[in-house]
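> Provided below are the primary sequence and the corresponding predicted coordinates.
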Amino acid sequence: MPTITIEDNYDLVKEHYLIILDSRNATTYNNGNALTNLTFAFPNPVISKRDDIIALTGSVSNFTCPNSQYVINQNNAYFLIGYFDNLGYAAEYTIQMPNGYYNPTSFVTAFNALLNYTIPSNKLTLSIYNTQICRFNLVSTGNDFYLKSITKEIFTNYKELYRFGEVLGYDDKVSYYSGYGTTINNIYYSGVPKQLLMPFIYNLSGINSINIHLDNIQTRNIDSLTKTNSTIVCNIPVSCNPNEMILFDKRSDFEFKINEDNLNSLKIRLTDGVGNLLDLNNQNWNMSFEIIVVKKQRSQIKSFSEIISGGISI
């Protein structure tokens, strides 16, 4: 906190109070049962600056939430497979994995069932290449093929990709082809006919962290996604398994400055690291938001000059 100059006969007083939020008590649910875009409205300002207030800061003191976002979810469920015919023309198939939790075996079973359902006379099969290196292998008993992620409706930046590659084990920004060809820019060839060994390990662990946004407070916190000041007030690491509790307690003295004069509502969003709203599947969360008020208060102890001017009583 910057140095504050205060006039004589006034003291600096620091006060703390909590705003306790429970998703079950929200005023507006902006994305329904996903419970990650909520507005809490209050009859009186929860943050209000007065003449005696020198500074306002805030922080998230604790956060509790079930780890209930599916490993395959609305942000990574879609991908595209192209399958070449005998003349070299490719038919493309957009495929959606069902939302849910998976282990490697159940993932392979569901993936292959989708291929058989979506692609006529399907000749592609996914398998676990090696359990020790945790990589999938996609093989064709027919012709060559390619695999890539697809984008959502807005083609603006990385967050608009369906990030299926992060799960399956490839770079979402690259198109992967079986067989031979020139690997340039965002096109990769396996070098093996009718086979594509995923270049990276599969990831069925779910999200790494949760960003808490307070959308009606502009902080000086910088987000690597936007490369500028953001509304993120806390980053919550997720170190538990799916369907376990995410527990966060503040362990530092971090606070962010609040410049807004009056706030009658708090607009909360919960996102992943690339800005996508999470889907908690109607599982509720709790958060304590701490406000720290630094204000001036007239001293109850007389200054030396006041004592002298008033005389000394014996």
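Noted; the coordinates are in hand. Every value quoted in this text rests on a predicted model; they were computed, and no experiment measured them.
> downstream neighbour of the single longest helix found in the chain in the secondary structure list?
As assigned by DSSP state H, the longest helix anywhere in the chain is helix 104-118. Next along the chain after helix 104-118, taking DSSP states H and E as the criterion, comes strand 124-130.
> In that following strand, which residues are buried?
Within strand 124-130, the residues that count as buried by 16 or more other C-beta atoms under 10 Å are Leu124, Leu126, Tyr129. For the C-beta atoms, the positions are set from N, CA and C on the backbone; glycine is no exception.
> pLDDT at the second one, what is it?
To tie it back to what came earlier, the one meant is Leu126. Note on Leu126: pLDDT of 97.
> next one: the last one
Predicted confidence (pLDDT) for Tyr129: 93.
> Let me know the distance separating Asn112 from Val139.
11 Å (C-beta to C-beta, to the nearest Å).
> go on, Asp52?
Asp52 is 72 Å from Val139, where distance means C-beta to C-beta.
> quick one on the thing from earlier: so which of the buried residues of strand 124-130 is the closest to Thr231?
Proximity of those to Thr231 was ranked by C-beta to C-beta; the top entry is Leu126 with 39.8 Å.
> thinking again about what came up before, which of Asp52 and Val139 has more neighbours?
Val139 (17 against 13; other C-beta atoms under 10 Å).
> got the contact list for that one?
Val139 is in contact with Leu124, Thr125, Ser127, Lys194, Gln195, Leu196, counting by C-beta atoms under 8 Å, 6 or more residues apart in numbering.
> if you set the cut-off to 10 Å instead, what comes out?
123-127, 129, 145, 178, 192, 194-197 (C-beta atoms under 10 Å, 6 or more residues apart in numbering).
> For it, pull up the helix or strand it's in.
In the assignment (DSSP H and E), Val139 maps to strand 135-140.
> Name the residues of that strand that are buried.
Buried-residue list, strand 135-140, by 16+ other C-beta under 10 Å: Arg135, Phe136, Asn137, Leu138, Val139, Ser140.
> which residues does the last one bridge with?
Applying DSSP bridges to Ser140 gives these bridge partners: Leu124.
> If we ignore the residues flanking it in sequence, what's nearest His64?
For residue 64 the amino acid is Thr, not His. Asn286 (4.7 Å; C-beta to C-beta, 6 or more residues apart in numbering).
> any idea how far Asp249 is from the one you found?
For Asn286, the distance to Asp249 (C-beta to C-beta) stands at 12 Å.
> Out of those two, name the residue with the larger neighbour count.
Per other C-beta under 10 Å, whichever of Asn286 and Asp249 has more neighbours is Asn286, with 14 against 10.
> My guess is the more buried one contacts Ile19. True?
No - assessed by C-beta atoms under 10 Å, Asn286 is found out of contact with Ile19, at 11.7 Å.
> Count the residues that sit near Leu21.
19.
> Helix or strand next in line after the host helix or strand of it, which one?
Assessed by DSSP H and E, Leu21 sits inside strand 10-22. Toward the C-terminal end, the helix or strand that comes next after strand 10-22 (DSSP H and E) is strand 28-29.
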